[in-house]
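> Attaching a predicted model along with its sequence, questions to come.
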Amino acid sequence: MEIIAAANYEEMSQMAATFLMHKVCNARKVTLGLATGGTPLGTYRRLVKYHQVEGISFQGVQTFNLDEYVGLGKMHPGSYHSYMETHLFRWIDIDPCQTHLPNGEAVDLKLECARYEELIRSRGGIDIQVLGIGSNGHIGFNEPGTPFDTRTHVVALADSTRRANARYFSGETDVPYQAITMGIGTILDSRQILLLASGIGKAAAIRHLIEGNKDRQFPASALLDHPDVTVIVDQSASN
Ligand SMILES: O=P(O)(O)OC[C@H]1O[C@](O)(CO)[C@@H](O)[C@@H]1O
């Protein structure tokens, strides 16, 4: 695991965008695994700039997002479909047929998880998976206690996660109770992983990760088994 220290959020975002652009520019086709939340927003802003200012094309890129809330329509402002459209997809020339998220409105959620898992596999797997980290160590929506070999599945969200994400809704009561998330096993299948952490609220989680003890109660520690993980942390997250 390579740990890179950035001075601040802006530098972390620039480093992450450069890392991703390197892959996009050097391969005819690339599959990115994408995350939501506050952390990757600056990275996405920079990817948009690479397209709009430098003319870099995303036509050879396909994407798979980590997760989606159960019960929210794609157009719901709190959905991750909506987040991705607002912050990235609508501003770049990516083919909409090449952007994938789980369908949180599926009638049969188990079937939807199997479909998503199979789609990732049949499309050749993920080249680089971008991850944020929850203050409790969650990756995607895999909460503490999740076995490290899980595939895409439905999860009950931890109260702390619902509280942390209430800022994207009109209040905590509006935050869904369940989500579909790639499993930890699905994430570990990615050929490369780029984990980003910013802010003092992530410092304890980053310390825990760097300590290097695998622990099911700390989902991010599953990454210790992966051969190609880069972690970019800003100064406040590395304290
Ligand atoms: O980047 P944030 O907003 O701190 O969120 C961290 C993590 O929490 C989630 O938003 C889920 O709660 C993940 O998607 C994200 O990686």
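That came through, no problem. Residues are numbered from 1 along each chain as shown.

> When you work out contacts or count neighbours from here on, use the C-alpha atoms and nothing else.
OK.

> what about Trp56, which SS state?
That one is not Trp; residue 56 is Ile. coil (DSSP: H, G, I helix; E, B strand; the rest coil).

> Would you mind measuring from it to Lys29?
Taking C-alpha to C-alpha, to the nearest Å as the measure, Ile56 falls 14 Å from Lys29.

> helices or strands next to the helix ranked longest in the chain in the packing?
Using DSSP state H, we find that the single longest helix of the chain is helix 9-26. For helix 9-26, the packing partners by 3 or more C-alpha pairs under 8 Å, 6 or more residues apart in numbering; DSSP states H and E come out as helix 41-52, strand 192-197, strand 229-234.

> now with 6 Å?
helix 41-52 (3 or more C-alpha pairs under 6 Å, 6 or more residues apart in numbering; DSSP states H and E).

> Now for the closest residue to Phe89 other than its chain neighbours, how many residues are close by?
Excluding the flanking residues, the one nearest Phe89 by C-alpha to C-alpha, 6 or more residues apart in numbering is Pro96, at 7.8 Å. Pro96 is flanked by 13 other residues according to other C-alpha atoms under 10 Å.

> phi, psi of Pro96?
phi -60, psi -30 (degrees, to the nearest 10).

> mind checking how far the residue lying closest to Asp149 once chain neighbours are set aside is from Pro147?
Nearest non-adjacent residue to Asp149, counting by C-alpha to C-alpha, 6+ apart: Gly185, 4.3 Å away. Using C-alpha to C-alpha, Gly185 is found at 9 Å from Pro147.

> And for Gly132?
Taken as C-alpha to C-alpha, the span from Gly132 to Pro147 is 19 Å.

> Of those two, which one has the most company?
Gly132 (24 against 17).

> Show the contacting residues for the more buried one.
Leu195, Leu196 (C-alpha atoms under 6 Å, 6 or more residues apart in numbering).

> quick one: pLDDT of it?
What the model reports for Gly132 is a pLDDT of 97.

> same thing with Val70?
98.

> For the residue nearest to it when sequence neighbours are not counted, the count of nearby residues, please.
Nearest non-adjacent residue to Val70, counting by C-alpha to C-alpha, 6+ apart: Gly104, 4.1 Å away. Residues contacting Gly104 under the criterion other C-alpha under 10 Å number 26.

> Report the contact partners of Gly104.
Glu68, Tyr69, Val70, Gly71.

> Can you classify it as helix, strand or coil?
Gly104 ends up coil, using three-state DSSP.

> measure it to the ligand for me?
Distance from Gly104 to the ligand, counting by C-alpha to the nearest ligand atom, to the nearest Å: 15 Å.

> Give me the distance between that residue and Val154.
9 Å.

> again with Leu101
14 Å.

> Kindly report the same for Thr63.
Thr63 is 20 Å from Val154, where distance means C-alpha to C-alpha.

> Same check on Ala222?
19 Å.

> now Phe218
Taking C-alpha to C-alpha, one finds Phe218 at 19 Å from Val154.

> go on, Leu224?
24 Å.

> Tell me which of these two has more neighbours.
Higher neighbour count among Leu224 and Val154: Val154, with 23 against 16, using other C-alpha under 10 Å.
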